[in-house]
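Peer 1: Output the structure for:
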Amino acid sequence: MDAAFTAEQDEIRRTLREILGKRCGPDEVKAAVRTDAGYDRELWQQLSRQLGLPGIAVAEEYGGVGCAPADLALACEETGRVLLPSPLLATAVLCAPLIAALGTAAQRSALLAPLASGGLTAALAVPGPALATALALTGEDTAARWSGGGRAGGVQARAGADGDDSWRLFGEVAQVLDGHSAPLLLVAAHTGGFARSRTLLFLVREGAPGLVRSRQTVLDETRPQARVQLRHTPAELLGATGGATGAGAAGGDAGVPGALAAVGRTAAAVLAAEAVGAAEQALAHTVEYVRRREQFGRAVGSFQAVKHRLADLYVQVQAARSAAYYAAWDPDQGGLALAQALEALRVTAGEAIQLHGGIGFTWEHDAHLYFKRAASDELLFGPVHRLRAHAADRAGLFAQTPAAASAPGVEPAAAGAATRPASAPSAAAPAASPPPPPQKKVAV
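Peer 2: Numbers count the residues shown, from 1 in each chain. The predicted model follows:
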């Protein structure tokens, strides 16, 4: 493994940091999130034209840059540093890989090129507050029970008449990232009734009949969310009809959940890098403040207790950066890296508010932007303890031994003892001691 960045990667980071430093300060962020789109469209087009940001991880044959997901993670570290409000996460991290993995050749040709150029944005609509579950970040669910499992709720898909490839969608999705402004929606819906239920992905265009979208009031305005209602809405199946396998397949029984899990691993690495960038910037702002803020005739940062707290934060942020970079190289470790990065961001943002003193507690202070991002991301993609628990399960840390598994109803220790030969007692076992003498009751 070569951990050094290439010259191209360094140039991407330098250029992106330079552009965002000029165009994406705290005041610009607050102004952008209050627009109808929820982001600065002009800045988005500049990043698309100059750097090809939305197409970094899209293949060159579809108009993308053709880089690896690690390059996208490095770019998102810079966007996270300034809390850039943009459709990058929903479009380039979640939707484009799904279209590339499941779409037909015609769908990939028609959709990936405009997505890579920034002319088209997309959003992934997963029923219920189950985005982390659908992306297999907090647990494996190959049956896709999060989509409703054929029962009432979620989004239902109904095929058209015989010989017609049209579909109709019914239902509601309460939390869709960038769902209020994206012209293209990828909607996860289940079909086939209770007995033969399976989850498929559908393409819903802007302005489709029966599509109702409303922007929600959220904690973190830099991650806008919308409620999407589908009322007999026409949709196009993503992939080939008939459940073929491989590229262009509709998914079969496990294709869509498997594709979502694969996207979730890459998304976790990208989100970890983004959280690391935000944590580092929050720490930098705090260090700058305590250097110039004076109390008792000296800088606040000169007090040893403050130095110790800042040193602990620095170590935690650097450890999270190492985990995020490793996950960018090996996305299978994305869940664990995301847990460490989210925790580092939450702790750093909280300490930033504390160390800024009275002004840090005002809701309008810039430190709260980072605190809101930390809280929102953990609600959307966590929580941290579930991310770590799922990583431990995948690694088999708490798997039962074969002897314990073969003895149902027996504790692991008892099962291990049952497999030991009765004629070979342990030599280290001490001899049984005689019972203590009975105690006499004494009246007091």
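
Peer 1: The top helix by length along the chain - contacts with which helices or strands?
Peer 2: What stands out as the longest helix in the chain, according to DSSP state H, is helix 255-292. Under the contact criterion of 3 or more Cβ pairs under 8 Å, 6 or more residues apart in numbering; DSSP states H and E, helix 255-292 touches helix 69-81, helix 96-102, helix 131-134, strand 198-205, strand 298-299, helix 304-329, helix 334-355, helix 367-381. Placement of C-beta: from N, CA and C, glycine included.

Peer 1: now these in a markdown table, with mean pLDDT?
Peer 2: What follows is the helices and strands packed on helix 255-292, written out as a markdown table (pLDDT from 0 to 100):
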| stretch | mean pLDDT |
| --- | --- |
| helix 69-81 | 94 |
| helix 96-102 | 96 |
| helix 131-134 | 91 |
| strand 198-205 | 94 |
| strand 298-299 | 89 |
| helix 304-329 | 96 |
| helix 334-355 | 96 |
| helix 367-381 | 95 |
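
Peer 1: Compare the ones you listed and report which one is nearest to L20.
Peer 2: Closest to L20 of the helices and strands packed on helix 255-292 is helix 69-81 (Cβ to Cβ; 6.3 Å).

Peer 1: Residues touching the closest one, excluding its own?
Peer 2: With contact meaning Cβ atoms under 8 Å, 6 or more residues apart in numbering, helix 69-81 is reached by 5, 8-9, 12-13, 16-17, 20, 51, 53, 56-57, 65, 86, 88-89, 92-93, 266, 269-278, 280-281, 324-325, 327-329, 331.

Peer 1: By neighbour count, sort out the buried ones in those.
Peer 2: 9, 12-13, 16-17, 20, 51, 53, 56-57, 65, 86, 88-89, 92-93, 266, 269-278, 280-281, 324-325, 327-328, 331 (16 or more other Cβ atoms under 10 Å).

Peer 1: returning to what we had before: averaged pLDDT, the longest helix of the chain. What do you get?
Peer 2: Per-region confidence: helix 255-292 scores 95 on mean pLDDT.

Peer 1: And the next helix or strand past it?
Peer 2: Counting by DSSP states H and E, the next helix or strand C-terminal to helix 255-292 is strand 294-295.

Peer 1: contacting residues around the nearest residue to I359 once chain neighbours are set aside?
Peer 2: Leaving aside its chain neighbours, I359 sits nearest to H365 (6.0 Å; criterion: Cβ to Cβ, 6 or more residues apart in numbering). Going by Cβ under 8 Å, 6+ apart, H365 touches I353, H356, I359.

Peer 1: quick one: H356 from F371, how far?
Peer 2: 11 Å (Cβ to Cβ, to the nearest Å).

Peer 1: roughly how far out does stretch 364-383 sit from the chain middle?
Peer 2: 13 Å (Cα atoms, centre = their mean, to the nearest Å).

Peer 1: Report the buried residues of that stretch.
Peer 2: Neighbour counts over stretch 364-383 (16+ other Cβ under 10 Å) mark 366-382 as buried.
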